[in-house]
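K.L.:
What follows is a predicted protein model with its sequence.
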Amino acid sequence: MSYKYFEEYNEEITENMKNNFQEIIKGVGENPDREGIVKTPERAAKAMQFLTQGYSMDAEEILKKAVFEESYDEMVVVKDIELYSLCEHHMLPFFGKAHIAYIPNGKIIGLSKLPRVVDVFARRLQVQERLTHDILECLNETLQPQGVAVVIEAVHMCMMMRGVQKQNSATTTSGFRGQFKEIETRNEFLKLISSDLR
Ligand SMILES: Nc1nc2c(ncn2[C@@H]2O[C@H](COP(=O)(O)OP(=O)(O)OP(=O)(O)O)[C@@H](O)[C@H]2O)c(=O)[nH]1
Ligand SMILES: [Zn+2]
């Protein structure tokens with residue numbers, strides 16, 4: 001994945017976060033001056049900014065750059081869009097796949113913009129439900145399609161590495177607007193995302 005829209009780390013934020021990560025390193029009982037760790041606060045500060053870069057992105061701006069007038073009015077499905085996010089409760093990763101479909105209403109969107117919109121909202125502190133909803137509403141408002149659907153399947157490290165420590169449970173969330181409220185359209189979408197075709 002390339003991040004054309006993430007240009008530079010903010011020096012002041014990096015410095016502040018660096019100091020905080022130094023405290024965390026001390027807190028876990030490590031020596032912050034140990035050779036392998038001495039640069040870790042800065043690396044972690046930069047990693048955290050990368051992982052939350054969605055706050056400085058505007059999804060509608062990204063989408064608007066690639067909206068084309070077109071009379072195609074069948075379902076468009078982009079499935080298996082990998083996503084990485086941080087849960088807002090523990091700041092631990094959750095990750096998985098998003099599947100998106102829409103039925104155009106005179107306008108289509110450049111295909112790459114759908115994964116970009118997923119990243120804009122995933123690269124924040126999130127819960128899976130809100131992530132699903134954010135993507136859905138953004139596409140609905142920007143494209144005003146005949147219908148839009150989003151399904152996200154993800155696993156949460158906060159449920160795997162700690163807490164209940166369940167390694168095999170995955171969470172599915174979904175949202176449907178417009179024609180996808182109709183069972184036949186919804187089923188067609190669900191069938192398409194469960195096929196093995198790539
Ligand atoms: N609905 C939802 N819950 C989430 C998500 N990510 C993490 N959580 C949950 O957020 C909840 C926070 O609950 P708390 O009881 O405040 O925190 P906790 O004591 O760390 O909870 P445990 O994880 O059960 O140990 C937990 O149930 C997590 O599983 C998410 O994306 N959606
Ligand atoms: Zn969590």
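P.N.:
That came through, no problem. This is a predicted model, so every value here is computed, not measured. Numbers count the residues shown, from 1 in each chain. Ligands and ions are numbered 1, 2, ... in the order given.
K.L.:
where's E11 relative to S112, distance?
P.N.:
Using Cβ to Cβ, to the nearest Å, one obtains 31 Å as the distance from E11 to S112. Every residue, glycine included, has its C-beta placed from N, CA and C.
K.L.:
Tell me where the model's unsure across the chain.
P.N.:
Flagging of the chain using pLDDT under 70 yields the residue ranges 1-7, 197-198.
K.L.:
swap the cut-off to 80 and go again
P.N.:
Along the chain, the parts satisfying pLDDT under 80 run over 1-8, 195-198.
K.L.:
Which parts of the chain are helices?
P.N.:
11-27, 40-51, 59-64, 113-122, 128-143, 157-160, 183-194 (DSSP state H).
K.L.:
what about whatever residue of the chain ends up closest to ligand 2, neighbour count?
P.N.:
Closest approach of the chain to ligand 2 (Cβ to the ion) occurs at C158, with a separation of 2.9 Å. Residue neighbour count, defined by other Cβ atoms under 10 Å, stands at 16 for C158.
K.L.:
Next, the contact list for E188, please.
P.N.:
M75 (Cβ atoms under 8 Å, 6 or more residues apart in numbering).
K.L.:
how about the residues of this structure near ligand 1?
P.N.:
Remark: the part of the chain in contact with ligand 1 comprises C87, H89, V127, Q128, E129, H156, C158, M159, G163, V164, using Cβ under 6 Å from any ligand atom.
K.L.:
Most neighbours among these, which one is it?
P.N.:
Of all the residues of the chain next to ligand 1, the most densely surrounded is H156 (24 neighbours; neighbours counted as other Cβ under 10 Å).
K.L.:
sorry, back to before: which of the residues of the chain next to ligand 1 lies closest to Q146?
P.N.:
Top of the list for closeness to Q146, among the residues of the chain next to ligand 1 and by Cβ to Cβ, is E129 at 24.4 Å.
K.L.:
So this structure: which segments form each domain?
P.N.:
11-51, 64-194 (the TED database).
K.L.:
Pick the most deeply packed of these.
P.N.:
Each of the domains of the chain was given a mean neighbour count from mean count of other Cβ atoms under 10 Å, and the largest, a mean of 17, is that of domain 64-194.
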